[in-house]
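Enquirer: Pasting the sequence and the predicted coordinates here, then a few questions.
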Amino acid sequence: MRTLKKTLMTLGLAVVAILLVMPATANADKSDKRVVAKTKKAMNEYDMMEFESAKSLLLEAIAIGERADSKGEVLAKAYLNLGIVYYSGLDAGEDAAESFANAVRLNKAIELEVAYSTPEMKTLLDEARSSLASSSAGGCPESGFAHSLVDEAPYGTAPGISAKIGADLSVVSVQLFYRSEGELEFSKVTLSKKGSCEYLGNIPTRAVQGKFVHYYITALDGAGKDIAHKGTAGSPNIIEVAASGGSVSLTDEDPLSGGEEKKTGLLDEDTGPSIFVSMTIGSGGGYVQGPTEKIGSPVGCCVGAAFLHLMPEVGYFLNPQLAISAAFRAGFPIGANVEGHATFAPAGLLRVRYILDPSGEGVQVSGSIGGGVIRNVVHIENASPSMDTDTTAMGPLLIGGAIGYSVSVGGPVRIVAEINALAALTAGITELGDCPGDGCVEPKNGLQIDANLAFQLAF
């Protein structure tokens, strides 16, 4: 009996542990996706030579990842890309070296992508790897500046900060700069020397009262010149402040703008572009029914072609994956040759689009509803070659769905390819326009399949 009770108690504790871990894991996964999405957007900005924008996005991604304890490889990639932006875009070699050092700390095997790699940056990354190896060995470093980053501190404590200086540096003092949540300027503390190479100090308790603390360390020579540092004012190290009983709950605050909490809505800064416009060109065909529009010939084969349509579209992103839009489908029944045939097929659609990947690219699905006319051309049997192709009309209620794939081609420009199916229903409407007469349209039920290629601009 005791064994059974013990077993049941063990199982109960295991279930409780799983239930406690699951929300944390879900939050971590969500934060990782936000970091990846911001990092990808930042490099799109970098490709468009918007270097300051890329830097800001990467600093935001790093802040999100540091607070949420993101996976090492995810956060390391953000730091690595920040180093690329600093080095190649902003000509800030020291900040680049610091960012590479943080990347290596999180992922020792990280490498530059071929598209962004240069011999100079590869050397900088190798130096960061060597520096990490020497600082991990303990004791005084042979050269350079060694510091073990502080990632987390309990609320209301005074986290200790230490740095070790190599014999190759003529250091007179080591300064610790810190900034708590809500502060714009850094405060300064001078570290005290201990032994032959170590400098020690603390971030004051009053600074560890929010959700995070920014800090960096600078070594100065006799002339007051910065000769080595770990972190900079532009790329500080981040300490997550843990409340009593666990970590501070994550919110949508922006620590780089003073830590003010954002109001959660359908769209915020983290979600990327909010509006898009696109132009689609497509071709297709479908199941049609007769008689044809102009000469009333029966449709024999039930398949008609719609060789060309254009579809301008404007939409709004509710979040990086979900968007709503309005589109105008302008069809042109090319190939009809009977005298007086219809030449245009207008339709309007409301669309809802969902992109599977949080980055806003990749596979997407959509649904649509609207009204209008879709026209196809059909061949007429036993007719003169110059008068053997007429049009059919389907509609006016249109309901459809599509599957597609989007890919960025640089900056805010994407190409979207999709297959779209539209079911056309009369919904009891048998005539449109002034009937009888030249403007009369008698739509039928049908099914249209289109292949579309769109050029999309998101901003």
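Expert: Received, thanks.
Enquirer: Bridged to Gly372, which residues?
Expert: Gly372 has these beta-bridge partners by DSSP bridges: Ala347.
Enquirer: Any idea how many residues pack against it?
Expert: 22 (other Cβ atoms under 10 Å). The way it works is simple: take the backbone N, C-alpha and C, and place the C-beta from them, glycine included.
Enquirer: my guess is it meets Arg329, correct?
Expert: Yes. Between Gly372 and Arg329 there is a contact under Cβ atoms under 8 Å: 6.9 Å.
Enquirer: Spit out the residues that contact those two alike.
Expert: Both Gly372 and Arg329 are contacted by 345-348, under the criterion Cβ atoms under 8 Å, 6 or more residues apart in numbering.
Enquirer: Which residue ranges make up the domains of the protein?
Expert: Here the domain assignment for the chain is 28-132+141-261, 273-458, based on automatic domain parsing.
Enquirer: In terms of mean pLDDT, which of those domains ranks lowest?
Expert: Note on the domains of the chain: lowest mean pLDDT is at domain 28-132+141-261, with a mean of 82.
Enquirer: The longest strand that the chain contains: which residues count as buried?
Expert: Scanning the chain for the strand with the most residues, using DSSP state E, yields strand 303-317. The neighbour-count check on strand 303-317 (16 or more other Cβ atoms under 10 Å) flags 304-306, 309, 311, 313, 315, 317 as buried.
Enquirer: ok, so of these, who is nearest Leu58?
Expert: Using Cβ to Cβ, Phe317 comes nearest to Leu58 of the buried residues of strand 303-317, at 21.0 Å.
Enquirer: what about that closest one, distance to Val416?
Expert: Using Cβ to Cβ, to the nearest Å, Phe317 is found at 14 Å from Val416.
Enquirer: cool, and Thr232?
Expert: 40 Å.
Enquirer: the more surrounded of these two?
Expert: When Thr232 is set against Val416 and neighbours are counted by other Cβ under 10 Å, the residue ahead is Val416, at 23 against 19.
Enquirer: For the more buried one, what is the enclosing helix or strand?
Expert: strand 413-425 (DSSP states H and E).
Enquirer: just Asp450 next, same as before
Expert: Taking DSSP H and E as the definition, Asp450 sits inside strand 446-458.
Enquirer: Ignoring the adjacent residues along the chain, who's closest to Gly144?
Expert: Gly166 (4.8 Å; Cβ to Cβ, 6 or more residues apart in numbering).
Enquirer: how deep is the one you found tucked in, by neighbour count?
Expert: Look at Gly166: counted by other Cβ under 10 Å, it has 19 neighbours.
Enquirer: In contact with it, which residues are there?
Expert: 140-146, 197.
Enquirer: repeat for Asp95
Expert: 83, 86, 232, 234-235 are the contacts of Asp95 under Cβ under 8 Å, 6+ apart.
Enquirer: just curious, which of these is nearest to Ala76?
Expert: Taking the contacts of Asp95 together and measuring to Ala76 by Cβ to Cβ, the closest member is Gly83, at 10.6 Å.
Enquirer: The closest one and Tyr215, how far apart?
Expert: Per Cβ to Cβ, Gly83 is found 19 Å from Tyr215.
Enquirer: more neighbours, the two?
Expert: Under the criterion of other Cβ under 10 Å, the comparison of Gly83 against Tyr215 puts Gly83 first, with 30 against 24.
Enquirer: what about that one, which SS state?
Expert: Under the three-state scheme (DSSP: H, G, I helix; E, B strand; the rest coil), Gly83 adopts helix.
Enquirer: Spatially nearest residue to Gln321, not counting backbone neighbours?
Expert: Ile355 (4.6 Å).
Enquirer: Just list whatever residues bridge to the residue nearest to Glu293 when sequence neighbours are not counted.
Expert: Among residues not flanking Glu293 along the chain, Thr391 sits closest, at 4.9 Å (Cβ to Cβ, 6+ apart). Thr391 has the following beta-bridge partners by DSSP bridges: Val377.
Enquirer: OK, contacts around Thr391?
Expert: Going by Cβ under 8 Å, 6+ apart, Thr391 touches 292-294, 333, 336, 341-342, 375-378.
Enquirer: Strand 303-317 and the strand holding Asp450, what's the angle between them?
Expert: Strand 446-458 and strand 303-317 are oriented at 30 degrees to each other (axes from the mean of the first three to the mean of the last three Cα atoms, to 10 degrees).
Enquirer: got the buried residues for strand 446-458?
Expert: Within strand 446-458, the residues that count as buried by 16+ other Cβ under 10 Å are 446-448, 450, 452, 454, 456, 458.
Enquirer: neighbours around Tyr287, how many?
Expert: What Tyr287 shows, counting by other Cβ under 10 Å, is a neighbour count of 17.
Enquirer: Next, give phi and psi for it.
Expert: When read as degrees, to the nearest 10, the backbone of Tyr287 gives phi -80, psi 120.
Enquirer: ok, and the closest non-adjacent residue to it?
Expert: Spatial nearest neighbour of Tyr287, chain neighbours left out: Leu447 (4.5 Å); criterion: Cβ to Cβ, 6+ apart.
Enquirer: So that neighbour sits against Leu425, correct?
Expert: No. Counting by Cβ under 8 Å, Leu425 is not a contact partner of Leu447; they are 9.9 Å apart.
Enquirer: ok, how many other residues are close to Ser192?
Expert: Per other Cβ under 10 Å, the neighbour tally for Ser192 reads 12.
Enquirer: residues in contact with it?
Expert: Contacts for Ser192 (Cβ under 8 Å, 6+ apart) come out as 199-201.
Enquirer: Also Ala306?
Expert: Ala306 neighbours (Cβ under 8 Å, 6+ apart): 283-286, 331, 333, 345, 374-377, 448, 450.
Enquirer: Run through the bridge partners of it.
Expert: Gly284.
Enquirer: and Ala146, how far is that from Phe212?
Expert: Taken as Cβ to Cβ, the span from Ala146 to Phe212 is 24 Å.
Enquirer: Same drill for those two, tell me which one is more crowded.
Expert: The residue with more neighbours, out of Ala146 and Phe212, is Ala146; 25 against 21, by other Cβ under 10 Å.
Enquirer: does that one really touch Ala163, like I thought?
Expert: Yes. Counting by Cβ under 8 Å, Ala146 touches Ala163, with 6.9 Å between them.
Enquirer: Just the buried residues of the next helix-or-strand element following the longest strand of the chain, please?
Expert: For strand 303-317, the following helix or strand on the C-terminal side (DSSP H and E) is strand 322-332. The neighbour-count check on strand 322-332 (16+ other Cβ under 10 Å) flags 323, 325, 327, 329, 331 as buried.
Enquirer: for strand 322-332, packing partners?
Expert: Packing partners of strand 322-332 (3 or more Cβ pairs under 8 Å, 6 or more residues apart in numbering; DSSP states H and E): strand 275-287, strand 303-317, strand 345-355, strand 362-372, strand 374-379.
Enquirer: and if we set it to 6 Å?
Expert: Applying 3 or more Cβ pairs under 6 Å, 6 or more residues apart in numbering; DSSP states H and E, one finds that strand 322-332 makes contact with strand 303-317, strand 345-355.
Enquirer: could you redo the ones you listed as TSV and give each row distance to Val150?
Expert: TSV is the format used below for these (distance: least, Cβ to Cβ, whole Å):
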stretch	distance to Val150
strand 303-317	38
strand 345-355	38
